[in-house]
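J.: Dropping a prediction and its sequence here:
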Amino acid sequence: MLVWPVLDHRQTVMRVTTLLILATTVTATVASDADWWQSALIYQIYPRSFRDSNGDGIGDLNGITEKLPYLQQLGVDAIWLSPIFLSPMYDFGYDITDYTKIAPEYGTMDDFDNLMTKAKSLGIRVILDYVPNHTGNESEWFIKSAQRDVEYENYYIWADGVPDPDNASVILPPNNWVSNFRKSAWEYSTTRGQFYLHQFAIGQPDLNYREAKVQQAMKDVLRFWLDKGVSGFRVDAINMMYEVDSAQFGGAYPDEPPSGAEGATPDDYEYLSHIYTRDLDETYYVVYDWRDLLDEYFKKDGEYKIMMTEAYTEITKMIRFYGTETRNGSIPFNFSFLGEINNGSNARDIKMVIDKWMTYMPSGKTANWVNGNHDQSRLASRLGTARVDAMNMLALILPGVALTYQGEEIGMTDGEVSWEQTKDPQACNTDDPVNYWKKSRDPNRTPYHWDASAHAGFSSTTGETWLPVASNYLTLNLAAQMAAEKSHYKFYKDVLTVKKLPAVRFGDLETTAFSESVLVVSRLLPGVPGVVGIVNLSDKEHHLDLTSIKLLPVQLRVVASGINCTHKKDEWMRKSNITVSAHCALLLQTVRRCC
Ligand code: GLC
């Protein structure tokens, strides 16, 4: 059995002592500004789909502000807003025209300031999306770069095309690079007479980080929002930031080799091995520089500014974002719950996924657990409703940061979006009215289900909402779950009551697969109450004897009982005789001193 000490003993004693002192003066759940992030619950808001305050069918900033009290009572520490900046919305805000302006459909800068003030008053921190790999093609930087304005000439990745050997009047793209959204990653600019690189939509030209001015301009963007009081950033598509230096190849960008991926065609991103456009070494040092910049603000106001980076890549490459022995970095998103767990995964598989991150993560760093985001099918649709409570509980009791995508706390499912209603460029680029849904991210972006009223309480529009509301909103909605005796929402809230306990923040982690069906995760710390999460993945009841887990007292109390569990909250159980009903996620607490 493996046990991960989350802090070394000396740190633990110091932290616990500090917390106990705090507990007598304020409340045990208050974290100091310096370490708020290390055990934070971060709630991702996709602004377009959260709450529409002005009835235009599109979510907006005032809608978020209106719902902040809900997020406060839910218990979130910080909200991460997907991009809210001026954009033509080809990729729904990930194509930015101006990093320092608010998209008019989301509101004004005054609305943003108001959101910040309200959030602060409720103790909720605000984290913004930072999109450094590309701007939108309506950006002034891009327009001037296409015009070869000296100041902006090298802001983007430009290259000459090659004449078609079969028809000299046709100019082909510089090489075979493919966009994440399919087809050539190069687009011709008639203004400049060259191709520009876009690793996503045509409207998302890639910035050139070999140009010092770009590095500076993007640092200015960080400062702009830090000066406005944000508590950090989620960094988009970070591992795509650098391309190979064309100077090493005589001024041209070389072809990427085929990956051999089964079924992939030359138009598919998976067709190539992205050795020249992904995970380049230079990327890490830019992230470490940004960390230094964020730390300047930490020194100024004592509030640690979080930075979380998005890179879908191998774990060894991901964890380099954490930093080196001499440089601090970011928290790389841990996407293993999304990519390595499916509806057939058993308890041993899930244990291995948890253990893997803890094993690769450099010691002293902060783990994180992502159960969903705006790019992935929803938890309930991916793993089945029966696993929603289990996965939410694991993310909340494991060490470090938990990330919840809006709606996962109530177990929302993917909505139904027809080809005609499809908006996601990744799906539209398939040009396939039959199989588009395999690539579409629209179903997981449908509006939040507040209640059973029209448009699920998302919007008062008399027309259509920007994406259709999922049809199950009449029964699956927040109001219904608040009123029900048992619900995903109630379970989630009950689990959250333990997240700030010293044992959950600093205690050791032990993961045990008692069988293929039962996973037990304990978070224990000598001298203070600890917790034990039990997940039964099977459709049969199981009996457990937990005496093999060290430090557990004889009696345990039920703190949270999932929708499929027969146990009542506050019921007592003996550690040697625990019964877990089919598909039940159960959280127990050691209330007495455990040793
Ligand atoms: C990230 C975002 C995704 C976007 C892409 C391009 O992966 O999460 O939504 O389409 O980057 O910015």
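T.: Yes, it's here. Residues are numbered from 1 along each chain as shown.
J.: Quick check: closest non-adjacent residue to the one residue in the stretch 201-350 of the chain that gets nearest to the ligand.
T.: As assessed by Cβ to the nearest ligand atom, the ligand sits closest to Ala237 within the stretch 201-350 of the chain, at 4.1 Å. Quick note: C-beta positions are derived from backbone N, CA and C, even for glycine. Counting by Cβ to Cβ, 6 or more residues apart in numbering, Ala237 lies nearest to Asn133, which is 4.7 Å off, once chain neighbours are set aside.
J.: what about that neighbour, neighbour count?
T.: When neighbours are defined as other Cβ atoms under 10 Å, Asn133 has 23 of them.
J.: Relative to Gly530, how far out is it?
T.: Taking Cβ to Cβ, to the nearest Å as the measure, Asn133 falls 42 Å from Gly530.
J.: what does Thr97 give?
T.: Taking Cβ to Cβ, one finds Thr97 at 50 Å from Gly530.
J.: which one of these two has more residues nearby?
T.: Gly530 (27 against 21).
J.: Surely the more buried one touches Val591?
T.: No - here Gly530 lies out of contact with Val591, judged by Cβ atoms under 8 Å, at a distance of 9.6 Å.
J.: Overlap of the contact sets of those two?
T.: Counting by Cβ atoms under 8 Å, 6 or more residues apart in numbering, no residue touches both Gly530 and Val591.
J.: Would you tell me what helix or strand Met358 is located in?
T.: helix 347-360 (DSSP states H and E).
J.: Could you pull up phi and psi at the residue nearest to Ala237?
T.: In terms of degrees, to the nearest 10, the main-chain angles of Asn133 are phi -70, psi -30.
J.: Which secondary structure element of this structure has the lowest mean pLDDT?
T.: helix 9-25 (a mean of 42; mean pLDDT, DSSP states H and E).
J.: buried ones in the helix or strand following that one?
T.: Scanning forward in sequence from helix 9-25 by DSSP H and E, the next helix or strand is strand 41-45. Of all the residues in strand 41-45, those buried under the rule 16 or more other Cβ atoms under 10 Å are 41-45.
J.: Dump the residues you listed to JSON lines, plus distance to the ligand and pLDDT.
T.: Conversion of the buried residues of strand 41-45 to JSON lines gives the following (distance: Cβ to the nearest ligand atom, whole Å; pLDDT from 0 to 100):
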{"residue": "Leu41", "distance to the ligand": "20", "pLDDT": "98"}
{"residue": "Ile42", "distance to the ligand": "15", "pLDDT": "98"}
{"residue": "Tyr43", "distance to the ligand": "16", "pLDDT": "98"}
{"residue": "Gln44", "distance to the ligand": "10", "pLDDT": "99"}
{"residue": "Ile45", "distance to the ligand": "13", "pLDDT": "99"}
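J.: number of nearby residues for the residue nearest to Ile315 when sequence neighbours are not counted?
T.: Nearest residue to Ile315, sequence neighbours excluded (Cβ to Cβ, 6+ apart): Tyr360, at 5.1 Å. Residues near Tyr360, counting by other Cβ under 10 Å, number 14.
J.: ditto for Asn343
T.: Neighbour number of Asn343 under other Cβ under 10 Å is 11.
J.: can I assume it sits in a strand?
T.: No - counting by DSSP: H, G, I helix; E, B strand; the rest coil, Asn343 is not part of a strand but coil.
J.: Point me to the residue of the protein nearest the ligand.
T.: Tyr94 (3.3 Å).
J.: That residue in helix, strand or coil?
T.: coil.
J.: Surely it touches Phe200?
T.: Yes - with contact defined as Cβ under 8 Å, Tyr94 counts as touching Phe200 (7.1 Å).
J.: what's the spacing between Trp290 and Val221?
T.: 10 Å.
J.: The two: who's more crowded?
T.: With neighbours defined as other Cβ under 10 Å, Trp290 and Val221 compare such that Trp290 has more, 24 against 19.
J.: Compute the mean per-residue pLDDT across the helix or strand where that one lies, please.
T.: Per DSSP H and E, Trp290 falls inside helix 281-301. Mean per-residue pLDDT for helix 281-301: 97.
J.: which residues touch that helix?
T.: Applying Cβ under 8 Å, 6+ apart, the set of residues contacting helix 281-301 is 33-34, 132, 209, 215, 219, 222-223, 226, 232-233, 235, 238-239, 241-242, 303-305, 307, 309, 320-321, 323-324, 327-330.
J.: Mind checking which of those are in helices?
T.: 215, 219, 222-223, 226 (DSSP state H).
J.: Count residues in the vicinity of Leu207, would you?
T.: Count around Leu207 with other Cβ under 10 Å applied: 24.
J.: what are the bridge partners for it, then?
T.: Tyr156 (DSSP bridges).
J.: hang on, Gly75 packs against Lys493?
T.: Yes - Gly75 is in contact with Lys493 according to Cβ under 8 Å; the separation is 6.8 Å.
J.: Would you mind listing what in this structure touches the ligand?
T.: 91, 94, 131, 200, 236-237, 310, 374-375 (Cβ under 6 Å from any ligand atom).
J.: who's in contact with Tyr106?
T.: 47-48, 58-61, 84.
J.: Would you mind measuring from Cys339 to Leu81?
T.: To be clear, residue 339 is Gly; Cys isn't right here. From Gly339 over to Leu81 (counting by Cβ to Cβ), the distance is 24 Å.
J.: between those two, who's got more neighbours?
T.: Counted by other Cβ under 10 Å, Gly339 and Leu81 do not tie: Leu81 has more neighbours, with 24 against 12.
J.: Surely that one touches Ile127?
T.: Yes - taking Cβ under 8 Å as the definition, Leu81 is a contact partner of Ile127 at 7.2 Å.
J.: ok, back up a step: what pLDDT does the residue nearest to Ile315 get?
T.: At Tyr360, the pLDDT recorded in the model is 98.
J.: what's near enough to touch it?
T.: 315-316, 319.
J.: Report the beta-bridge partners for the nearest residue to Val170 once chain neighbours are set aside.
T.: The shortest distance from Val170 to any non-neighbouring residue, by Cβ to Cβ, 6+ apart, is to Asp164 (3.9 Å). Note on Asp164: beta-bridge partners by DSSP bridges are Asn167.
J.: remind me which residues of the chain are low pLDDT?
T.: Scanning the chain with the threshold set as pLDDT under 70 gives 1-4, 6-32, 592-595.
J.: Got the domain ranges for it?
T.: For the chain, automatic domain parsing gives the domain ranges 32-135+214-244+273-483, 136-206+245-272.
J.: Please enumerate the shared neighbours of Tyr94 and Phe200.
T.: Counting by Cβ under 8 Å, 6+ apart, the residues touching both Tyr94 and Phe200 are His134.
J.: can you pick the most crowded of the ones in helices among the contacts of helix 281-301?
T.: Ranking the ones in helices among the contacts of helix 281-301 using other Cβ under 10 Å puts Leu222 first, with 23 neighbours.
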